[in-house]
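Enquirer: need a 3D model of the sequence below.
(2 chains)
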Amino acid sequence: MADRLEVKQGTLALMILRTLEVLGPLHGYGIARRIEETSKHRLRLNYGTLYPALLKLEQEGFVSAEWRPSENNRRAKFYALTVAGRKQLAREAREWHRTADLIAAFLAPRPEEP
Amino acid sequence: MRHVRAALARIQGLITGPRADAELREEMEAHLEMETAENIRRGMHPAEARRQALLAAGGLTQAVEAVRDQRGLPWIENVFADFRYALRALRRSPAFAAVVVITLALGIGANTAIFSVVRGVLLKPLPHRDGDRLLYLRHSADGPAAANLNFSVPEVRDLRQGVSSLGGIAEYSPWFHTMQGADGAVRIDAGLVTGNFFEVMGLSPILGRLTRPSDDGPGVPPVMVLTYEFWTKRFGADSGIVGRTVTLDGTPVTVIGVLQPAPFFPDRVDALLNMVVSPHHLSAQMVEAREHRMTEVVARLAPGASVEQARKEVAAVHARMRREHGAVYDPNAHYRVAVMPFREALGERARLTLQLLMGAAAFVMIISAANVANLTLMRGVRRELELVVRAALGAGVPRLRRLLLAENLLLTFMGALLGVAIAVAGLRLLVTLAERYSPRASEIRLDATVLGFTLALAVALALVLSFISSLPSEGSLASWISAGVRRMSGSLRKQRLQRGLVVAQIAVSVVLLAGAGLLTRTMIQLSEVSTGLRTEEALTIPLSLLDPTKVSPETDAANKQLYQRMQREVGALPGVIEVGLGSTMPLRKSPIAFDLKVDGKPLAVGEAKPHADFRTASPEYFRAAGIPLLVGREFTTTDGPRAGKVVIVNKTLADRLFPGENPIGKRIAWTGEVLRFTPFSGDWRTIVGVVGNTQDGGLDAEPSGVVFAPFAQEFAVFGGLVVRTEGSASELAAAATRVVRRIAPTTPVENVLTVRQIKNQSLAPRRQNAALVSSFGILAVIIAAVGIAGVLAFSVSSRTNEIGIRMSLGADSGHVQRMILKEGGVLLALGLALGVGGAFFAARLIEGLLFGVTPHDPVTLIGVAAMMAVIGIGACWIPALRAARVDPAITMRA
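Expert: Here you go, the predicted structure:
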């Protein structure tokens, strides 16, 4: 329990987009499950974090939402990646890699001075 | 794109909120169920499964709130809520709201109106193309008659050749014409301009074309451009006007175009014509005589040149002119040329008056803002309980501050709305006032900039009002809440602030009142100035029979016969005592003035030549106008055209030329190069009489020397009748005008006024100044009186307990009353002292608007202070009486 992290704003959007890319249309519960599992339960997603983020992505046009019956025949809201969302994911992923490389380079042990 | 889309979605969210809430709940419920089902599948007890799912969800209400914030625009929703709340709060105290809104409206209204005038007259960019590069050149010398000498054509030529930093120099010669129309003759004010005038001015036609260089010189047809104002007023904005012919002084002139609306300087004009319309303007005299100055000059800065450069070059050229033509520029008169931006020239006369009004309006704003601040502070104390409760319920300091801001914005906006209404109502009055000072009065509007100014004022006021109420800093909120209400009411800081505001109000009121007092006294002093005339009951009928295109001794003789016929026939009207003829009407300044020389008295070295106004008068003129004869004789019928030339001088000239001597029998003559261009000779003339001074050209004008010559002996350039009547002179106006019109049907007869009317006209601008500042002053005093009464009343009500205790311990009601009066008296005394000190400084700024009183006039200052003191004590009395009526038995029980 102690090493559970609060998910950072911004990275959550990336995780949601990636989840939808990998798994296809999914409801909020499914997205939360998947993210928690992928993070090996180090991330905890409560509703107050997840649903505003989903709404924001919907407002920005990166995901679309649709009410559909779920696997156990309950009505649920399914989110799907849009074309714009796919592009946004590629863009953000690229940027994330770049930032991560940069930070990694900074934090790398200093090479010996020649 | 993404942000736009998100913003649109959010705005939509504002509207679709309730439906979306239901959907959200359903979505979350589904989530919970799925998670519960999963937990059961993992082997949990259903109740425990549900509990765990809820725990993982982490607060459903918070989640709904968070989604709501994301969905709509929480900021706007909060602001709406704040305003709704503020409106409710104000509705609960309508008296407070009404007083605040009205007080603010007075201040904002005054400032909006005055600012619109300042903007229209001084600040607004000129309608001319690149108006900031337009310059006005003024030629002047020492002496009141030489404040604006104008330029001669040779002088303009020198400037054109010698000043490279001026890209274009245009001439503009003020002139007047008589225009014949279907409804009789009218005088129109015209400007004769060179062909480059409109190019230099940067003006365009709205119809037809403007004059151009090909319209210059002799041998071209005379053409006329109408100003926008004249076109609408006289021709009803007739779009078919171009190409029409009008008759000016008997000459047909073609209208070629209508000019865009634009201000003119120094005076407004009706039409602009090319020079050919006036043979005089193309004569050798005009074109070659250096001292024949009839032209105003406007110029445009050359690209890249600065005003400073132009000034230097103009000064250099002028210095060379003075060297090369020493005879024309008397070194003792200090001839000079000023180069100023055209916009400044247009605002010149208005500036001082507008500064005065702006200052007065700003003072009214200060007072009303101080009053509202005080009211807000007092209300703040009463509301502290409510604010404490709100704080206890979780509203943070920023939220409370925002609440106050919303409330104050609501108040100042309502005040601004009412203020704009007041400004609209007062604007017409201000435009009439501005017309006396500025050619740009017609540009005064309540436009977007002015309304922006009003809005900025309202917002600034709201901000100030919100931040003077003390709210605790973020950290101390808890102690504020725990202290509750008692500690807060009437904290020392707040009381000091309130008292300071009252003192400021009184001080500013005193300054305003002092200004109003000085201006009122100026007006009274002026109206008490003797005109020098024995009566104000005389009718003046100025009219000029001269046709400038037909100047000859024969036409002059014919004109004089017509004047004399008018004199006889008006004299035959019932009630007429005397009719005089003269070049210029009494109390009007003669447009003709020359240098003088005295027989047998050469000028000392370096002494400036004496200068005097030239007027003509028939033998009856002095009696008809009521000008007293001091020494010698009046003119008689024997002073005819062929008799010896005689003159009568006024007292000022007699004292100046012959101090301590008897002027009768002495001889004087006109002198100077200018005489060559006039029909007046430099012959010696014998002085036969001395008459009293009259206030020609304004009651505040310095008396100037005047020489009267017999009407019959001099060329009648101007003329008119002065009619002395038995009863009221104005009753005769219609009948006399009819007689004159019948005899001279093609001559415009305008400005038929009694001497009293002329006098009142010259007082009118001062009267308006005094009235405006006085009304601001009265406004200020009323607001300040309400302020001091309000603060004391508040002090009494918050000290009711204390007063009750004092009374039950033996203080009588007189004692309590004195206590409160003393409290107010201290504030009053402080305010008075500060105000009198402030008035001492402020009055010096309006010295130029005063007449007959010094800026530190003790009578005014003491009077104003006494008046404020009486009103202030009166205002203290009401709360003091209320304090004295406190019933200890009731207050102690409460």
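Enquirer: so B:Leu657 touches B:Ile668, yeah?
Expert: Yes. Counting by C-beta atoms under 8 Å, B:Leu657 touches B:Ile668, with 7.1 Å between them. All C-beta atoms are positioned from the backbone trio N, CA, C, and that covers glycine.
Enquirer: okay, strands next: where are they in chain A?
Expert: A:5-6, A:26-27, A:43-44, A:63-69, A:75-81 (DSSP state E).
Enquirer: now do the shared contacts for B:Leu657 and B:Ile668.
Expert: By C-beta atoms under 8 Å, 6 or more residues apart in numbering or on different chains, B:Leu657 and B:Ile668 have these common neighbours: B:596, B:598, B:649.
Enquirer: what's around the second one, how many residues?
Expert: This means B:Val598. By other C-beta atoms under 10 Å in any protein chain shown, the residues close to B:Val598 number 18.
Enquirer: in this structure it contacts B:Arg656, no?
Expert: No. Taking contacts as C-beta under 8 Å, B:Val598 lies outside contact range of B:Arg656: 10.1 Å.
Enquirer: phi, psi of the residue of chain A found nearest chain B?
Expert: With C-beta to the nearest C-beta as the measure, A:Asn46 is the residue of chain A nearest to chain B, at 2.8 Å. Here is the backbone geometry of A:Asn46 (degrees, to the nearest 10): phi -90, psi 170.
Enquirer: can you name the residues that contact it?
Expert: By C-beta under 8 Å, 6+ apart, the contact list for A:Asn46 reads B:56-59, B:63.
Enquirer: what about B:Ala98, neighbour count?
Expert: 12.
Enquirer: hang on, I meant B:Ala866
Expert: The burial count for B:Ala866: 11, using other C-beta under 10 Å.
Enquirer: so how far is the helix or strand harbouring it from its chain's centroid?
Expert: Using DSSP states H and E, B:Ala866 sits in helix B:858-884. Distance of helix B:858-884 from the chain centroid (C-alpha atoms, centre = their mean, to the nearest Å) equals 32 Å.
Enquirer: any idea of the mean pLDDT for that helix?
Expert: Mean per-residue pLDDT for helix B:858-884: 87.
Enquirer: pull up the gap between the closest residue to B:Val886 other than its chain neighbours and chain A, please.
Expert: Nearest non-adjacent residue to B:Val886, counting by C-beta to C-beta, 6 or more residues apart in numbering or on different chains: B:Ile803, 4.8 Å away. Separation of B:Ile803 from chain A (C-beta to the nearest C-beta, to the nearest Å) stands at 57 Å.
Enquirer: what does the pLDDT read for B:Ile803?
Expert: At B:Ile803, pLDDT is 82.
Enquirer: mean confidence for the strand or helix carrying B:Lys759?
Expert: Secondary structure from DSSP H and E places B:Lys759 in helix B:755-798. Mean pLDDT, computed over helix B:755-798, is 84.
Enquirer: give me the angle between that helix and helix B:858-884.
Expert: Between helix B:755-798 and helix B:858-884, the angle comes out at 30 degrees (axes from the mean of the first three to the mean of the last three C-alpha atoms, to 10 degrees).
Enquirer: now the helix or strand just after helix B:755-798 against helix B:755-798, angle please.
Expert: Sequence order places helix B:800-808 as the next helix or strand after helix B:755-798, per DSSP H and E. Following the same axes, to 10 degrees, one obtains 80 degrees for the angle between helix B:800-808 and helix B:755-798.
Enquirer: and helix B:800-808, what does it pack onto?
Expert: Here helix B:800-808 touches helix B:813-845, helix B:888-893, going by 3 or more C-beta pairs under 8 Å, 6 or more residues apart in numbering or on different chains; DSSP states H and E.
Enquirer: now do it and helix B:813-845, the angle between them.
Expert: Going by the same axes, to 10 degrees, helix B:800-808 is angled at 130 degrees with respect to helix B:813-845.
Enquirer: show me where pLDDT drops low in chain A?
Expert: Applying pLDDT under 70 to chain A flags residues A:1-10, A:110-114.
Enquirer: mind doing that once more with 90?
Expert: For chain A, the stretches with pLDDT under 90 are A:1-13, A:36-53, A:55-56, A:58-61, A:65-76, A:92, A:95-114.
Enquirer: for chain B, what are the nearby residues on it?
Expert: A:27-29, A:32-33, A:44, A:46-49, A:51-52, A:55-56, A:58-61, A:70, A:72, A:74-77, A:84 (C-beta under 8 Å from any C-beta of the partner chain).
Enquirer: what about the residue nearest to B:Val886, how many neighbours?
Expert: For B:Ile803, the count of nearby residues is 23 (other C-beta under 10 Å).
Enquirer: test my guess that it contacts B:Val816.
Expert: Yes. If you go by C-beta under 8 Å, B:Ile803 and B:Val816 touch, sitting 5.6 Å apart.
Enquirer: in chain B, where's the longest strand?
Expert: Secondary structure of chain B per DSSP E: the longest strand is strand B:166-181.
Enquirer: quick revisit: the contacts of A:Asn46 also near chain A: which ones?
Expert: Answer for the contacts of A:Asn46 near chain A (C-beta under 8 Å from any C-beta): B:56-59, B:63.
Enquirer: now the residues you listed: which count as buried?
Expert: Among these, those classed as buried by 16 or more other C-beta atoms under 10 Å in any protein chain shown are B:56-57, B:63.
Enquirer: which of those sits closest to B:Ala9?
Expert: Proximity of these to B:Ala9 (C-beta to C-beta) peaks at B:Ala63, which lies at 19.2 Å.
Enquirer: got the contact list for that closest one?
Expert: A:46-48, A:51, B:28, B:57.
Enquirer: give me the neighbour count for residue 77.
Expert: Answering for chain A, as no chain was given. For A:Lys77, the neighbour count with other C-beta under 10 Å is 21.
Enquirer: that's the other chain; I wanted chain B
Expert: Applying other C-beta under 10 Å, we find 14 residues neighbouring B:Glu77.
Enquirer: ditto for the one 3 residues further on
Expert: The local packing of B:Phe80 (other C-beta under 10 Å) involves 13 other residues.
Enquirer: would you verify that it is located in a strand?
Expert: No. Under DSSP: H, G, I helix; E, B strand; the rest coil, B:Phe80 falls outside any strand and is assigned helix.
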